[in-house]
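A.B. asks: Structure, please.
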Amino acid sequence: MQVTVVVPTFNEAPNVAELVRRVTAAAQGFEVDILFVDDSTDDTPRVIERVARAASVPVRVIHRDVPSGGLGGAVSAGLAAAASDVCVVMDGDLQHPPEDIATLVNRFRRGDADLVVASRYVAEGASSGLADRTRILVSRASTHVTKAMFPIRLRDVSDPMTGFFLVDRTRLDLDELRPRGFKILLEILARRQLRVAEIPFSFADRHAGDSKASFRQGIHFLAQLTSLRFGKMSLFAVIGGLGAIANLGIVWVLSHLGVGDVVAMIIAAETTIIANFVLQERFVFQDMRADASGIVSRFAKSFAFNNTELIVRIPITALIISNWHISVVIATGITLVVAFILRFLFHSLVVYAPRRAGAQKASAARGLVEELDRQAISPGEL
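C.D. replies: Just a heads-up that it's a prediction; the model follows:
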């Protein structure tokens, strides 16, 4: 059996030689090659090339000058470029013991699994390599929340947050993966129904270097989890809700500073419209920006639509109140729901529409419906 070990790295130069040595020693009864996908800003790629010349197994490095998708993006690139269909994914800091690669391979050889997960939370598994008790608690809590949100897909997975696993690449659609941050296994499990098996492993201490865990990565994880569970529409709604709260806060502050009501409302509305656009760019439609029009054009379309919607919605709300004889709260709620759907439609299908020269006119309505469905629903279970 030929196995490609995919190792995403970011400034892991001190760990490269030891990792290659231990992976090579672990390859008993199967052939192995090692593929580093490197986003480093130090001399890690040069160290990999030097180690490769002396290694007894094939060692390659793909250095990404413009990284995208974080660690998950690096793993996706590695899976696409792997020399074999059986791929082991592991970190480059040696907290994933290379000696367990043989156990992953042997479990896969039984033929009843497409994906073998190295778990910290089954049998003799352990997470002692986490830096402190806080990180252990955060890891446990994140795992429980994730499993609760995907009770069917993750039914047989005790550790969906691990970065150490073996996968049969032929069972994946790499084009459907939308990696963001560092939880690529969760992305794979949520988007594809796979036969899963587990082996225990002990999460070790780092061999060298510093941990890459950060508050920013935590935010990326929450965004990834929300997007996978509920789809783009939910993220769009969350940002809209935060914008509404910010709008009220700005009006309150400005009114207490003596600013007139109308001026305060205009400032608050324009501020939140701009802030919402920035957040939508970053967290909702980030995977569509490359194929869409330029950022100036996207902002102009979004800004114009939101202001037009605001101007139109107020008199429509007043008309509903007078004709239907309902309270202002209910009328406002109705128009806000309709406005939310229209805003999502406009941004998905117009603001971030891909640039297609000479696009076909046929089946345009069907194409719009399919695109809206793709953007709005979760790729996992519903």
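A.B. asks: Helices along this protein, start to end?
C.D. replies: 16-26, 44-54, 70-81, 101-108, 133-149, 184-191, 215-230, 232-256, 261-279, 295-324, 328-346, 364-376 (DSSP state H).
A.B. asks: Now do the same for residue 146: its pLDDT.
C.D. replies: Here, the pLDDT recorded for residue 146 equals 71.
A.B. asks: Can you tell me how far the closest residue to residue 174 other than its chain neighbours is from residue 59?
C.D. replies: Leaving aside its sequence neighbours, residue 174 sits nearest to residue 80 (CB to CB, 6 or more residues apart in numbering; 5.4 Å). The C-beta positions use only the backbone N, C-alpha and C, and glycine is treated the same way. For residue 80, the distance to residue 59 (CB to CB, to the nearest Å) stands at 18 Å.
A.B. asks: out of the two, which sits in the busier spot?
C.D. replies: residue 59 (24 against 15; other CB atoms under 10 Å).
A.B. asks: does that one really touch residue 24, like I thought?
C.D. replies: No: Residue 59 is beyond contact range of residue 24, at 9.2 Å (criterion: CB atoms under 8 Å).
A.B. asks: Point out the most buried one among the helices of the chain.
C.D. replies: Stretch with highest mean neighbour count among these: helix 184-191 (a mean of 24; mean count of other CB atoms under 10 Å).
A.B. asks: For it, give the mean pLDDT please.
C.D. replies: Helix 184-191 comes out at a mean pLDDT of 82.
A.B. asks: what does stretch 350-366 give?
C.D. replies: 61.
A.B. asks: Going forward, the N-terminal residue is numbered 16.
C.D. replies: Noted, 16 is the first residue going forward, which turns the last one into stretch 365-381.
A.B. asks: Tell me who's in contact with residue 317.
C.D. replies: 288, 292, 295, 362, 366 (CB atoms under 8 Å, 6 or more residues apart in numbering).
A.B. asks: closest to residue 216 among those?
C.D. replies: residue 295 (39.1 Å; CB to CB).
A.B. asks: So that closest one sits against residue 362, correct?
C.D. replies: Yes: judged on CB under 8 Å, residue 295 makes contact with residue 362 at a distance of 6.8 Å.
A.B. asks: Need the overlap of contacts for these two.
C.D. replies: What both residue 295 and residue 362 touch, as defined by CB under 8 Å, 6+ apart, is the set 251, 317.
A.B. asks: who's in contact with the residue lying closest to residue 274 once chain neighbours are set aside?
C.D. replies: Among residues not flanking residue 274 along the chain, residue 282 sits closest, at 7.5 Å (CB to CB, 6+ apart). By CB under 8 Å, 6+ apart, residue 282 lies in contact with 265, 269, 274.
A.B. asks: any chance of the residues you listed in CSV, with distance to residue 114 and pLDDT too?
C.D. replies: As requested, the contacts of residue 282 are exported to CSV (distance: CB to CB, whole Å; pLDDT from 0 to 100):
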residue, distance to residue 114, pLDDT
265, 57, 88
269, 62, 87
274, 66, 84
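A.B. asks: which of those lies closest to residue 249?
C.D. replies: For the contacts of residue 282, the nearest to residue 249 is residue 265 (24.5 Å; CB to CB).
A.B. asks: Please give me every residue in contact with that closest one.
C.D. replies: So residue 265 contacts 279, 282-283, 286-287 (CB under 8 Å, 6+ apart).
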